[in-house]
Every structure is written in C-alpha cells, then in structure tokens.
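Asks: This is a predicted model, with the sequence first.
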There are 2 protein chains.
Amino acid sequence: MLPGRNASHYRLTAVSARFGFELVSESDGARRGRLTLAHGTVETPAFMPVGTQGAVKGVTIDHVDALGAEIILGNTYHLHLRPGDDLIARLGGLHAFNGWTRPILTDSGGFQVFSLAGRRTVTEERVVFQSHLDGSECSLAPESAADIQSRLGSDIAMVFDECVKWPVTREDAAAAMHRTLRWARRGRDRFEALSSGQVPEVARPTPGQAQFGIVQGATFKDLREESVAGTVAVGFEGYAIGGLSVGEPSDIMYDLAGHTAARLPRLSPRYLMGVGMPNDLVECVARGIDMFDCVLPTRNARNGQLFTRFGPISIKNAKYAEDLRPPDPECACATCRRHSRAYLRHLYMAGEMSAAALNTVHNLHFYLDTMRGIRKAIEFGRFGEFRQRFLDTYTRPSSD
Amino acid sequence: MLPGRNASHYRLTAVSARFGFELVSESDGARRGRLTLAHGTVETPAFMPVGTQGAVKGVTIDHVDALGAEIILGNTYHLHLRPGDDLIARLGGLHAFNGWTRPILTDSGGFQVFSLAGRRTVTEERVVFQSHLDGSECSLAPESAADIQSRLGSDIAMVFDECVKWPVTREDAAAAMHRTLRWARRGRDRFEALSSGQVPEVARPTPGQAQFGIVQGATFKDLREESVAGTVAVGFEGYAIGGLSVGEPSDIMYDLAGHTAARLPRLSPRYLMGVGMPNDLVECVARGIDMFDCVLPTRNARNGQLFTRFGPISIKNAKYAEDLRPPDPECACATCRRHSRAYLRHLYMAGEMSAAALNTVHNLHFYLDTMRGIRKAIEFGRFGEFRQRFLDTYTRPSSD
C-alpha cells in the first residue's frame, strides 16, 4: 500500500457526500464492488456503454435501459462542440437532455483532443485545437474541462490529462505524465471550488458529482508508479488507468494494468479506460479492475461483427445466408430471441439501419451479461474457474 | 351494385378458406371492418407500415410489434432481387425469415418495375428490367409475380398490374388499364393453380394466402368504372385502387378514390395503394377505403419530419434547440414519453442513427393511433365529427 491513499479516499468521500464505493467480495484477484453515485448505484465490475454524443450509437435510450446498463459514458469533447455544454446546462444537464436517468460518466476530452494530431497545440496552460465539425478554434484546460463536466452534470467527471501514442519514448511518456500530474492538481482544485459552491456562474445540475484522476506513464512501470503516487496524493474519488489499449500488445496491456491497479488505493474504484475485447475485460478484472468502457461492442456491431461466447462472428459472411440459428443460441437478448443469422445478414447486406440496432443490442447484451457472470462468479468465490472457462470457450476455434 | 360482385366474393372466399372480411359498422361513409387472414385478424380501417426489404426502415420488428401494427407490407420487387424469394421460401417464408408473426401484404412489384423508366421493356407477355442492384436482366409477369409472392408466403398477394404516370393521356391510361385486366386474369389463374396445389414446385408457406386485384384507369372515371367491372368479374378476395397519389392534386385523388370505392363490392376490403398524408387517410376513410400503406411516416421520419395533431414539424428547425416539450405533448409513444424536441433535434443534427428510430416510432404511432381514433369514431357513429375535428386541428396554423 502506498502511504496516505486511504486517508485521501476518506477525506474525499466527505467532499462529495453522495459518492461511495464498497468492496462486497474478492476472488482470485477480482473485486466485487458497489458504486454509489448521484443517480444511483452501479454494481462492479461494470462495463459502461459509450454514448459519445449523448446517445449510444445505433440504439435508443430505451434499448440501453432494457439491456440493464447501470452507467453510460458521455464525451466531453463532442458534447462541448455540439450541442454545447451551455445549452445542456440550461436544459438541466445531460440526464434531463437525453432522458437517461441512471449514472453517467463523462471523459475529460483529453483523449479526443490528443487524437487530433496536426490540429492542436499543447502548452502548459491548455490545449488549443480546431473543431472537427467546422474548423473553429477551441481550447481545453484542466479548469475548463471541469467546468464543462459540471455543466453536463455527469455523476463522474474525469480530470483533464495528456495522452500519448504508442510506441512513445520514455522521455515523452515522462513529460506527459508529469504534465498530467500538474493538470490533476489544477483540475482537482477547480472541481473542489465547483463542488463547494465557489463558482456560482458555472451551472452544476448534479451537485454530488465525483471526479476521478487518471494515471499515465505509458508502458514504463516506474513512470506508472510515480503517476499513481502523485495522482493519489492529489486525491480523487476514484482512479483511472489511461494510455493503455492504444496499440500495444495485449500481454503488455495486461501486465501494465495489473501492475498499476495493484498500487492504487484498495478502497477506491479503478477504471481501465478504453478496454476492450471481451477476453480483455475478464483478464483485467482478474487484475483488480472495477470499471471499463469501450466502443468495440457498438462500433463493431455497426460493421457487422457479433460477439458470442465462442468468439466474434462476421455476419456478412455468405455462410450465414441461410442460417436460421440466432447469433448465439443460448443468448437471451431481444435480437437472439427473435432473429436469425440469415435475417441479420440480409439486413446488413441490404443496408438497413435496423441491422445496426439489432447487432448493437446483441453486442451490448453480450458485454453486460459477461459482466453479470463475472460479478456472480466473484460473489461465489469462483472467479478463477469462470475466467478459465470463459477464455477456453471464447478462444476455441469455432465450429461455425 | 355491379352485377355479380357478391357472387364472385363468396365464390372466392371458398377458394382460400382462411380469408374473411366482415363489416362491423358504418358511419358517414366510413366502414369499420375486420379482416381475417392466415396470420391473424386486422381491424380496419388499417394503416400498413411499409417493410420494403422485410424490415420497416429505421426500426426493429420489436418496435413495430410494440406500436400495435396488425399488418405490414413487403415489396416483391426488392425481396425477389435480395435476398431472393427462393432463399426466403427455403427458410419457411417471410414470416419465418423476419420474425414478424402477424399478417403481411406483399405488393406485386408492378409499381417498382414501372418506376424504372429507361431500364424496362413492356410486352404483353411480361416486363423485362434491369436490377437496380447490379444491372442484371430480370423480368416479372402476372404468373411469376404470383409465384414469388407464393414463395414469400404473405397473407395477401397483389396481382401484377401496369402502372402509369401522372399526367397521362386517356389513350395510354386505357391501354394500361386493359392490359392490367388481361394480366389480372392470368395472375388470378396462376394464383388459383397455386392455391389448389397444382404447382407443387412453387413453395407455398402460407396456404391460406389471399389475392387482391388492382383497379387502374388513372384520373378517368369511365376507365375506372370499366376497370372495376372487369377486375370484379375476374374475382379477388379484395380490391385495391392503384395509380393514385402519383402526383395529381389531392382533390382529384379524393374524388377518384371515392368514385372508384363506391363501385367496388361492398363486402370486400378496399385498399388505396400508396396513400398518404394523415389528412388523406381521414378523407379517404370518409370515401369508403379500408386499407392504406405509405412510406411517408417512415421516410419523412428519417428526414426529420414529425407528424403531430397540429400538423407536421421539422425537427431540424433551430427553434427546437432548447424546446423541452416532446414532439406532441399528448402523444403516448415511446419517443414522446421520454424525449424532448431539443434532444431529437440534437440527434438529427449530430447524424445519430437513433434519430431515425425515435422519429419513426413517433410517426408510425401517429398514423396507427389516428387509425385507432378513426375506428373508434366509426364504432360510435361519430366519424363525421371526428373527421371535422381532425382536419380543423391538423391544418390549423401551428403556434410552434
């Protein structure tokens, strides 16, 4: 244990009274927990469907509700540009705007901004960038990212960080990690000012908003350790591991996620950003991760890839043209209960929008159901067994 | 009454035993009826959502079910080209293929084929055309259109007809109408051979399939009368009015629909093809029409037009950017229960697919709910009053 992390956790729990995290049980390195947020509780380990523009792509909010998702993600960068956080604040925050009543986590915009290679300038003060919508000049800084997320009214705001690509030199990784630490201090100071009512001009539709810090350091373990220590010293309600799943091999990602998670405060939630494939979720739960988000289930659905217990299948494949089986015969999702591979292939080939909706419902169900299975397994102290069985089935050569 | 039409109706009811139509009540020219089809009953007047490629565009089959639609339409032309009626027959017919368990009506392909100007050649025998998908040469004839629909297994098949554009000369309209009559005879002969088991090589997943004839004659009343007499003489389970709503002014369309409907067998269902706007439905129910189909609620939804009791609104309009009201505050659809105009505008402007789904759910609900209101009004003998109130509200300048 790093010195002071529990103290930091408890101090911060007091700052945002509605936030809570309890560990329910542990099994084979995996943690079964419960997050208490302003808009409800979230059982962990949890997968958060990505709702970039205030909507989970391909499906309606009713679909996401019916799938049993307990928390979704919104993107600060996209919502700031369109429709604008000012507008969303005037309408009562993101929940009032999109009709989703359960918790929302907003990212900080850092990842998107740093992806705009060639259209952004980074200084110590802020990042200046061109909007991908109309080329207009915009900027984000630790303070404004906190303000935007305050206006959006998410349950969990993320601190503004500097992301680096993979591969990256040690020097560049260290510089970005150190800047992320300085920005963490600024972002937390602003968040605390917002929380304690010192910035009345910035709307705060969710008074009980929490804020998570982000650990950087690329694939350098000592940099990750330094980042953990510095981020925990600032103190946040939870901690994210950023800068992974950006192209590095899986085994490196698993190793770094595990190495970092083990050094984070035991009593705070741990969120591995942007991960991943179904087997990645299982492997990283085994390394102590509590929360995940990823565009794969939704994006791949739109491209015709369906996840099943026996691994992913591409519904475009001609061999499914007359296959009357559902994507996964044991799956209980609305798509599998009603439709065959043959029909889903037809919809995809015919360019029907409902292909995206039906595929997305199935893939999100698969992810959320995998998490339900993981949680049950941990509760029964059988996570190691679950993990082995899941991976054996998922990576077994398919008979289809 | 034209001579022989009831006789023809009763004779044909025997040919396809599962088909039935009863008139429940009448009010101010409007008819409240009940269709009995192979896959269930349909309360009339009815609106049939269009499911061109075996899917209602923008929404899932679950959505269409939840909306309470009792019958949907499928397009013979599109399904013949992709995925192919042979494939659909091997999989058990269109119902088994798309998971829709209630009745389906398939058009004959005539309208689509005649829309392929410059890519089709019409002879007495058949129409040869190029596929819009790959340019390959295909053909449709009265017999093959019946065979394709037999393989699709719809509850109601439409006879193959020749459609003309508007405006059209009397000479061209008469020629197409006469050919349609000759094709009606051929189409009916083939249908009867299929129904009575004389063509075992053509799959027939819905043995109780019915077939409707189509009255043509453009805007010439005497041609329409001749077409009615000839079509009824051939004898079908129901009769459609084709060739209207192809560009002619509304008052001409209403006049022709009324003139034609009044001459059709009282005890057979009357289907006005391709109509129309919500006020068109009310006006044509007043003229004795029982069934409608139209792409407007679904197509316009995808273009951001929402139908409301106070007329259509364009959700793109900047004035809705901060409008927290649902599209129609008194509407009970899933979209209006959860979402505001502001959110729907945002989804549309941001290019989210769920905009199409949510708008389509609302528009189909509006159409189906209008039909529910019409049916109730006829049952209570108050259709005249309903019609007046609907039209007053629908065409009143909106306050939005």
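Replies: Sure, I can see it. Numbering: from 1, shown residues only, chains lettered A, B, ... in the order given.
Asks: from here on, contacts and neighbour counts on C-alpha atoms
Replies: Will do.
Asks: so what's A:V199 up against?
Replies: The contact partners of A:V199, taken as Cα atoms under 8 Å, 6 or more residues apart in numbering or on different chains, are A:A193.
Asks: next one: the one 4 residues further on
Replies: Contacts were defined as Cα under 8 Å, 6+ apart; by that measure A:A203 touches A:A89, A:S150, A:R151.
Asks: what's the closest of those residues to chain B?
Replies: Using Cα to the nearest Cα, the shortest approach to chain B within the contacts of A:A203 belongs to A:A89, at 10.6 Å.
Asks: list the contacts for that closest one?
Replies: If you count contacts by Cα under 8 Å, 6+ apart, then A:A89 has A:R151, A:L152, A:G153, A:A203, A:R204, A:P205 around it.
Asks: pLDDT at it, what is it?
Replies: pLDDT, the model's per-residue confidence, is 98 for A:A89.
Asks: So which of the contacts of A:A89 are in helices?
Replies: Secondary structure assignment (DSSP state H) places A:R151, A:L152 from those within helices.
Asks: between the contacts of A:A89, which is closest to chain B?
Replies: Sorting the contacts of A:A89 by distance to chain B puts A:L152 at the head of the list, at 13.9 Å, by Cα to the nearest Cα.
Asks: most neighbours, which of the contacts of A:A89?
Replies: When the contacts of A:A89 are compared by neighbour count (other Cα atoms under 10 Å in any protein chain shown), A:L152 ends up highest, at 35 neighbours.
Asks: quick one: that one and A:P207 touch, right?
Replies: No - proximity of A:L152 to A:P207 does not meet the contact threshold set by Cα atoms under 8 Å, at 11.3 Å.
Asks: CSV please, covering the contacts of A:A203 and showing distance to B:A257.
Replies: Rendered in CSV, the data for those read as follows (distance: Cα to Cα, whole Å):
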residue, distance to B:A257
A:A89, 52
A:S150, 59
A:R151, 56
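Asks: how about the residue of chain A most remote from its centre, secondary structure?
Replies: Going by Cα atoms, centre = their mean, the residue of chain A most distant from its centre is A:E322, 36.9 Å out. In terms of secondary structure, A:E322 is coil; the call rests on DSSP: H, G, I helix; E, B strand; the rest coil.
Asks: Nearest residue to it in space, ignoring adjacent ones along the chain?
Replies: Using Cα to Cα, 6 or more residues apart in numbering or on different chains and skipping residues adjacent in sequence, the residue nearest A:E322 is A:A342, 5.1 Å away.
Asks: Secondary structure element for that neighbour, which one?
Replies: Secondary-structure assignment from DSSP states H and E places A:A342 in helix A:341-349.
Asks: same deal with A:M177?
Replies: Applying DSSP H and E as the criterion places A:M177 in helix A:170-195.
Asks: Chain A against chain B: which residues are in contact?
Replies: Along chain A, the residues adjacent to chain B under the rule Cα under 8 Å from any Cα of the partner chain are A:53, A:55, A:57-60, A:82-83, A:87, A:91, A:97-99, A:322, A:324, A:338-340, A:342-343, A:346-347, A:350, A:352-354, A:357-358.
Asks: Just the buried residues from these, in PyMOL please.
Replies: Here is the PyMOL command that selects only those of those that count as buried (16 or more other Cα atoms under 10 Å in any protein chain shown):
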select buried, chain A and resi 53+55+57+58+59+60+82+83+87+91+97+98+99+322+324+338+339+340+342+343+346+347+350+352+353+354+357+358
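Asks: Return the subset of the residues of chain A next to chain B lying in helices.
Replies: Counting by DSSP H, these contribute A:L87, A:F97, A:N98, A:R338, A:A342, A:Y343, A:H346, A:L347, A:M353, A:S354, A:A357, A:L358 to helices.
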